[in-house]
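Colleague: Predicted structure and sequence below. I'll ask about it afterward.
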Amino acid sequence: MPHGPTVYDEVQYPSALYRTTHPEHLAAIARLHGLGAADPRRARVLEIAGGDGLNVMAMAAALPDAQFVNIDLAPSAIARGQQLAAACGLANARIEVADVIAAAETCADDWGGAFDYVIAHGLYAWVPPAVQRATLRLIDRVLAPEGVAYISYNAMPGGYLRMALRDMLLYEMGDTTEDAGNDEDRARQAMAILGDYGRDRDSDTLEQAALRRMARRMTDKDLHFLFHDELGAVYDPKALHRIVAEAGAHNLAYLTEAQPGGLFHGMPGEALDDDAVVRRAQIADYRDLCFFHQSLFVRPGRAPLRVPDWRVFETLLAGVPAGLARTGPREFKMANNTFEIGDATLADFMELMIRRAPARLPLAAFAQSPEHGEAILRLVDRGILELHSLPFPGALDAGERPRANALLRALIAQGETRLFTLDHRAIAIDEEGPRLFLSLLDGSRDRAELTREWERSGRPEQTDVTSALRQFARAGMLSE
């Protein structure tokens, strides 16, 4: 049945990648908890309400033997995604218009069976209860017995602060949640109100200062994100225990969190039952003023590990995020934060990962003791290290006929500057020269031909072919 335009057709939701939704990451988290999970290289993955599908298309480009389906209700977003998939010949990603409520009832029989990983990012807290229930019903009907489901949502108690600002905006702008407008002018007006409100006043109480700080954080958002997230018709942040109960009614049990800062929600270090795990995690949320969750769910009865088993590390690899640097014998820096690693062996292991990036190194050789394993988990929870279930899915060194994947080259051909790496990170390349160089990497040219082509471009003074290839390999943008 054809679907009419939605608010997401009138104001486009920006395309984005979400690394924590990647099946490779979800498989690593499942393994950490002692659970089997499908090999991401041959998995079936469904994303619900994924907009134009760029998130799963980037996954599909890196995992050509896996199968991906993205559904969304906005016809214009799906049309963009289908056009992009066709332009790059991406045969393992289906981008389709579908209504979640209808899909939950029909079980989308033409999707080809159960899914090993199901993603619902940026949907659950922004849709009416009927769509929330349909989302969980759809996940229940399509998730494989050993599958992993990802659901993100604005969380309580931090959601109370955002709700206070939302109420202020809607009232001041003369809107209600039932009849709010749908154009970008409203978002610009909201930005102006937030900008004014967010200025500190000498007379501020601690409570007022906290709310103004939150307003300033909201002004840092993309205008389109603000429009759909805080100004949408529905805004329903959830406490963790509430969504766990709602998921439990649809044959889904809480595993843990997908994002840094939430690792120990599902692995408290004690052999607690599931109810006690959720209760302890909820108490932590209240004390930490949690704002956002990326919760993972599995089928009930799978008995995930709640106490680390360091033997599991033999199945995992580790890597480092971009920007991590060693600044001293035991000193490291990431962004504007500096920290020390007390264990010299761990510090050397981290430096090796930095030098080998984007390669991922097996943990078996390092995490041979509970002490080292505990240190690894602490660093993962802080976002300083990353757990992986697969080796890096691209080329670590440029070959004789270097290649960037077809999706990257199609984005460049469309004039897009927001690109991606094969380890599923967004990367902005604004300069025309680097984008042109990447567009040449279709695997048909050897290095000598690349050099001649680059010279003909009139930009050889910017860089030489060998240096450019080394930089793109280091950035994780070359395919095998």
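Modeller: Now that the structure is in, tell me what you want to look at.
Colleague: what's near enough to touch Cys290?
Modeller: Cys290 sits next to 155-158, 240, 284 when contact means CB atoms under 8 Å, 6 or more residues apart in numbering. (C-beta placed from N, C-alpha, C; glycine too.)
Colleague: I'd like to know which of those residues are buried.
Modeller: Buried members of the contacts of Cys290, counted by 16 or more other CB atoms under 10 Å: 155-156, 158, 240, 284.
Colleague: Where helices are concerned, which of those count?
Modeller: Residues of the buried ones among the contacts of Cys290 located in helices (DSSP state H): 240, 284.
Colleague: Need the buried ones among the contacts of Cys290 in TSV (columns: pLDDT and distance to Glu416).
Modeller: Shown next, in TSV, are the buried ones among the contacts of Cys290 (pLDDT from 0 to 100; distance: CB to CB, whole Å):
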residue	pLDDT	distance to Glu416
Ala155	95	32
Met156	95	37
Gly158	93	33
Leu240	98	36
Ala284	96	40
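Colleague: could the buried ones among the contacts of Cys290 go into JSON lines alongside distance to Val56?
Modeller: Below are these laid out as JSON lines (distance: CB to CB, whole Å):
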{"residue": "Ala155", "distance to Val56": "24"}
{"residue": "Met156", "distance to Val56": "29"}
{"residue": "Gly158", "distance to Val56": "28"}
{"residue": "Leu240", "distance to Val56": "26"}
{"residue": "Ala284", "distance to Val56": "31"}
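Colleague: tell me which of the buried ones among the contacts of Cys290 is nearest to Leu26?
Modeller: Nearest to Leu26 among the buried ones among the contacts of Cys290 is Leu240, at 18.4 Å by CB to CB.
Colleague: I'd assumed Ile283 was in contact with the closest one.
Modeller: No: counting by CB atoms under 8 Å, Leu240 sits too far from Ile283 to count as a contact (9.9 Å).
Colleague: what residue of the protein is the furthest out?
Modeller: The C-alpha centroid of the chain is most remote from Ser203, which lies 39.7 Å away (CA atoms, centre = their mean).
Colleague: Wasn't that residue part of a strand?
Modeller: No: Ser203: not assigned to a strand; according to DSSP: H, G, I helix; E, B strand; the rest coil it is coil.
Colleague: if I look at it, how far off is Leu317?
Modeller: Ser203 sits 53 Å away from Leu317, going by CB to CB, to the nearest Å.
Colleague: same thing with Ala28?
Modeller: 8 Å.
Colleague: what sits in contact with each of those two?
Modeller: 387-389.
Colleague: Now render the residues you listed as a markdown table, adding distance to Arg217 and pLDDT.
Modeller: Shown next, in a markdown table, are the shared contacts of Ala28 and Leu317 (distance: CB to CB, whole Å; pLDDT from 0 to 100):
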| residue | distance to Arg217 | pLDDT |
| --- | --- | --- |
| Leu387 | 28 | 96 |
| His388 | 30 | 97 |
| Ser389 | 33 | 97 |
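Colleague: Among these, name the buried ones.
Modeller: Burial by neighbour count, 16+ other CB under 10 Å: within the shared contacts of Ala28 and Leu317 this picks out 387-389.
Colleague: nearest to Ile139, of those residues?
Modeller: Nearest to Ile139 among these, with distances taken as CB to CB, is Ser389, at 21.2 Å.
Colleague: thought the closest one was touching Ala38?
Modeller: No: Ser389 is beyond contact range of Ala38, at 10.1 Å (criterion: CB under 8 Å).
Colleague: Which residues are in contact with each of these two?
Modeller: Jointly contacting Ser389 and Ala38 under the rule CB under 8 Å, 6+ apart are Ala27.
Colleague: which of the contacts of Cys290 lies closest to Leu408?
Modeller: Among the contacts of Cys290, Ala155 lies closest to Leu408 (CB to CB), at 34.0 Å.
Colleague: Where do the strands of the stretch 151-300 of the chain begin and end?
Modeller: For the stretch 151-300 of the chain, the strands defined by DSSP state E, counting those that start in this stretch cover 253-257, 292-298.
Colleague: Which one, of those strands, ends up nearest to Met214?
Modeller: Met214 sits nearest to strand 292-298 of all these, at 12.8 Å, using CB to CB.
Colleague: got the angle for that closest one vs strand 253-257?
Modeller: Angle between the axes of strand 292-298 and strand 253-257 is 130 degrees (criterion: axes from the mean of the first three to the mean of the last three CA atoms, to 10 degrees).
Colleague: The next helix or strand after strand 292-298 pairs with which strands, parallel or anti?
Modeller: Sequence order places strand 317-319 as the next helix or strand after strand 292-298, per DSSP states H and E. If you go by DSSP bridges, strand 317-319 pairs up with strand 361-362 (antiparallel), strand 386-388 (antiparallel).
Colleague: And those: which comes nearest Ala475?
Modeller: Nearest of the strands paired with strand 317-319 (CB to CB): strand 386-388, 16.0 Å.
Colleague: and the helix or strand following the closest one, what does it pack onto?
Modeller: Per DSSP H and E, the first helix or strand lying C-terminal to strand 386-388 is helix 406-413. If you count contacts as 3 or more CB pairs under 8 Å, 6 or more residues apart in numbering; DSSP states H and E, helix 406-413 packs onto helix 54-62, helix 75-87, strand 418-420, helix 432-439.
Colleague: so can I have CSV of the ones you listed showing distance to Ala395 and mean pLDDT?
Modeller: CSV is the format used below for these (distance: least, CB to CB, whole Å; pLDDT from 0 to 100):
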stretch, distance to Ala395, mean pLDDT
helix 54-62, 12, 97
helix 75-87, 23, 94
strand 418-420, 15, 93
helix 432-439, 13, 94
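Colleague: Please identify the most buried of the ones you listed.
Modeller: Mean neighbour counts were compared across the helices and strands packed on helix 406-413 using mean count of other CB atoms under 10 Å; the top stretch is helix 54-62, at a mean of 27.
Colleague: Return the alpha-carbon coordinates of the next helix or strand after it using PDB.
Modeller: For helix 54-62, the following helix or strand on the C-terminal side (DSSP H and E) is strand 67-72. Extracted in PDB, the C-alpha atoms of strand 67-72 (Å, rounded to 0.1, in the frame of the first residue of the first chain):
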ATOM      1  CA  GLN A  67      22.200  -9.300   4.300                       C
ATOM      2  CA  PHE A  68      20.600  -6.100   5.400                       C
ATOM      3  CA  VAL A  69      17.100  -4.700   5.300                       C
ATOM      4  CA  ASN A  70      16.100  -1.100   6.300                       C
ATOM      5  CA  ILE A  71      12.500   0.000   6.600                       C
ATOM      6  CA  ASP A  72      11.100   3.500   7.100                       C
END
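Colleague: Alright, calling it a day.
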